[in-house]
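J.: model this:
(chains A, B, C and D)
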2 protein chains.
Amino acid sequence: MATSRAPRLAKKPRDQYHHGDLRRALLQAAVRTLQKQGLAALTLRAVGEELGVSRTALYRHFADKSALLTAVASEGFRMLRSALLAAWEDGGRGQVGFGAMGDAYVRFALDNPWHYRVMFGGGVELDAADPELTAAGTAAFLALLDALVEQQAQGLVRKDDPQTQATFVWALVHGIAMLAIDGTLQARGTDLGALARFSLERLRTGIGAD
Amino acid sequence: MATSRAPRLAKKPRDQYHHGDLRRALLQAAVRTLQKQGLAALTLRAVGEELGVSRTALYRHFADKSALLTAVASEGFRMLRSALLAAWEDGGRGQVGFGAMGDAYVRFALDNPWHYRVMFGGGVELDAADPELTAAGTAAFLALLDALVEQQAQGLVRKDDPQTQATFVWALVHGIAMLAIDGTLQARGTDLGALARFSLERLRTGIGAD
DNA sequence: ACCTGAACACCGTTCAAGT
DNA sequence: ACCTGAACACCGTTCAAGT
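T.: Take a look at the predicted model:
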């Protein structure tokens, strides 16, 4: 009961979440729990407990658990997009940058395996029609599409329909990421680095014998 | 209370599963439930109820739910292998058969979306070290590997390391299947048939501009 | 050997009630 | 407006008991 008003703006120990940021705090706590303990540990009780809040407080900010996970997925696509753009630009927006982008994609999945799974509806029902989710997913896809369009202009890549070409590349990298996450590749003794190099080269020239 | 002994071999309404086939019946009931109602509906209670058996009877035949799902996944890989082999052989074990194999793979995933997800640990914890599961998974992979080795011998495909080449192709088709299953492709208005044709062609010749 | 039924410790969600 | 606490209908799993 010493100081009363002035410092309360800096530190509000009790009712910290009575001003609209509980939603953000819940989202971050969910991401943290997912990352550290996996999907099975991501219960509404656990999330609430980590924030010192009732397990039903969440319902003020999300319709249900599915809505929370949809927000988690959206956040994941934003993170992925940032990683892809950074790799592309740091790599010089060309062949090297494109390879770095692929590596960054797979690394994101391996570094955030549970989060990545949730993004693609693995084991959870998302609200697929959610505008925030579709926007975040599209933005991440656009990072890849733009990189291909730019390489087409540079004469580095075939001038196929960009949408179809980007979908093709995305499927390849998504497949590698998924097989890496669930341990299938490791179980067969696959060298992920070697597979990445092989994939980038064959993506360019194909597996045909001509 | 009419007939008593003779017809009981044909129809045993009560103790039908007291002779060792409850395990198989549980497995098939689980696959059926998965196919018709999804993973969330696949509870031990539901499976038991469908067979007119207590919900704990299962524990005589499977260590836990994870073991049941591991058996479901194994069965899925056997089904997938059959589909791949049939497509490859019916297509004439060459370029046409290889394309048919890819189509069969994606079709299997689309026809059995929940089953396919379970096979790759989507939303469930499998016993990844289970010998039956690894054997079934390897056998399915071998169908693809053999097709590539045969095409290498025919001069249709580059003589890369077959294991790495097969993993590359598998990742591509797995990625397409996964994106198709979770509705991501459809949400972007992708024509799956066109994507399949594009993918098969670019798989052969690559996306490079040379 | 094989199956049952009650019990236990969880879970997401609802709802009347508090501030 | 925002949060709580008790209650409800589920779930997987355990275990003593039946045949």
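
J.: count the residues that sit near A:Ala147.
T.: By other C-beta atoms under 10 Å in any protein chain shown, the residues close to A:Ala147 number 24. In this view, the C-beta of every residue, glycine as well, is placed from N, C-alpha and C.

J.: grab the nearest non-local neighbour of it.
T.: Nearest in space to A:Ala147, with sequence neighbours left out and distances taken as C-beta to C-beta, 6 or more residues apart in numbering or on different chains, is A:Trp88 at 5.3 Å.

J.: identify the residues contacting that neighbour.
T.: Contacts for A:Trp88 (C-beta atoms under 8 Å, 6 or more residues apart in numbering or on different chains) come out as A:Gly97, A:Phe98, A:Ala100, A:Met101, A:Ala143, A:Ala147.

J.: narrow these to just the buried residues.
T.: Among the contacts of A:Trp88, those buried by neighbour count (16 or more other C-beta atoms under 10 Å in any protein chain shown) are A:Gly97, A:Phe98, A:Ala100, A:Met101, A:Ala143, A:Ala147.

J.: now, which of these lie within helices?
T.: If you go by DSSP state H, those have A:Gly97, A:Phe98, A:Ala100, A:Met101, A:Ala143, A:Ala147 in helices.

J.: any idea which of these is closest to A:Phe120?
T.: Closest approach between those and A:Phe120, by C-beta to C-beta: A:Ala143, at 16.8 Å.

J.: test my guess that the closest one contacts A:Ala83.
T.: No - using C-beta atoms under 8 Å, A:Ala143 is not in contact with A:Ala83, being 9.1 Å away.

J.: for the two, list the residues in contact with both.
T.: Counting by C-beta under 8 Å, 6+ apart, nothing touches both A:Ala143 and A:Ala83.

J.: what residues of the longest helix belonging to chain A count as buried?
T.: When chain A is parsed with DSSP H, its longest helix is helix A:65-90. Neighbour counts over helix A:65-90 (16+ other C-beta under 10 Å) mark A:65, A:67-77, A:79-81, A:83-85, A:87-88 as buried.

J.: does DNA strand C sit close to it?
T.: Yes - contact of helix A:65-90 with DNA strand C (C-beta under 7 Å from any atom of the strand) involves A:Lys65, A:Ser66.

J.: hmm, that helix touching DNA strand D?
T.: No - under the criterion of C-beta under 7 Å from any atom of the strand, DNA strand D is not reached by helix A:65-90; the shortest gap measures 13.0 Å.

J.: neighbours of A:Trp114, how many?
T.: Using other C-beta under 10 Å, A:Trp114 has 23 neighbouring residues.

J.: for the strand or helix carrying it, C-alpha coordinates in CSV please.
T.: Using DSSP states H and E, the element containing A:Trp114 is helix A:113-119. Extracted in CSV, the C-alpha atoms of helix A:113-119 (Å, rounded to 0.1, in the frame of the first residue of the first chain):
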residue,chain,number,x,y,z
PRO,A,113,6.9,-29.1,-35.5
TRP,A,114,3.7,-28.9,-33.5
HIS,A,115,3.0,-25.4,-34.6
TYR,A,116,3.6,-26.4,-38.2
ARG,A,117,1.2,-29.3,-37.9
VAL,A,118,-1.5,-27.2,-36.5
MET,A,119,-1.1,-24.8,-39.4
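
J.: so what touches it?
T.: Contacts for helix A:113-119 (C-beta under 8 Å, 6+ apart): A:31, A:34-35, A:38-39, A:69, A:72-73, A:76-77, A:79-80, A:108-109, A:123-124, A:126, A:137, A:177, A:181, B:122-123.

J.: do stretch A:39-46 as well
T.: Contacts with stretch A:39-46, where a contact means C-beta under 8 Å, 6+ apart, come from A:30, A:33-34, A:37, A:55-56, A:58, A:65, A:68, A:114, A:117-118, A:123-124, B:123, B:125.

J.: greatest separation within the residues you listed: which pair is it?
T.: Maximum distance among the contacts of stretch A:39-46 (C-beta to C-beta): 27.8 Å, for A:Thr56 and B:Glu125.

J.: and those two? Which one has more around it.
T.: Neighbours per residue (other C-beta under 10 Å) separate A:Thr56 from B:Glu125, with B:Glu125 holding more: 15 against 10.

J.: could you verify my assumption that the more buried one touches B:Lys65?
T.: No - counting by C-beta under 8 Å, B:Glu125 does not reach B:Lys65; the two are 9.1 Å apart.

J.: give me the secondary structure label for the residue of chain A found nearest chain B.
T.: Residue of chain A nearest chain B, by C-beta to the nearest C-beta: A:Gly123 (2.1 Å). Recorded secondary structure, A:Gly123: coil (DSSP: H, G, I helix; E, B strand; the rest coil).

J.: model confidence score at A:Arg60, please.
T.: Here, the pLDDT recorded for A:Arg60 equals 90.

J.: the nearest residue to it once chain neighbours are set aside: neighbour count?
T.: Excluding the flanking residues, the one nearest A:Arg60 by C-beta to C-beta, 6+ apart is A:Leu22, at 7.4 Å. Using other C-beta under 10 Å, A:Leu22 has 18 neighbouring residues.

J.: returning to what we had before: who touches the residue of chain A closest to chain B in this structure?
T.: Applying C-beta under 8 Å, 6+ apart, the residues near A:Gly123 are A:Leu39, A:Arg117, B:Leu39, B:Arg117, B:Gly122, B:Gly123, B:Val124.

J.: phi, psi for the third one please.
T.: Pointing back at B:Leu39 there. According to degrees, to the nearest 10, the main-chain angles of B:Leu39 amount to phi -70, psi -40.

J.: confidence score at A:Ile207?
T.: 88.

J.: quick one: contacts for the residue nearest the centre of chain A?
T.: In chain A, the residue lying closest to the centroid (C-alpha atoms, centre = their mean) is A:Gly76, at 3.0 Å. With contact set as C-beta under 8 Å, 6+ apart, A:Gly76 has these partners: A:Asn112, A:His115, A:Tyr116, A:Val118, A:Met119, A:Ala136.

J.: so what's the residue count around the fifth one?
T.: When you say that, I think you mean A:Met119. Residue crowding around A:Met119 was assessed by other C-beta under 10 Å; the count is 28.

J.: now it: how far from DNA strand D?
T.: According to C-beta to the nearest atom of the strand, to the nearest Å, A:Met119 and DNA strand D sit 25 Å apart.

J.: hang on, A:Glu49 packs against A:Leu58?
T.: No - using C-beta under 8 Å, A:Glu49 is not in contact with A:Leu58; the gap is 11.4 Å.

J.: neighbour-wise, which of these two wins?
T.: Using other C-beta under 10 Å, the more surrounded residue of A:Glu49 and A:Leu58 is A:Leu58, with 24 against 14.
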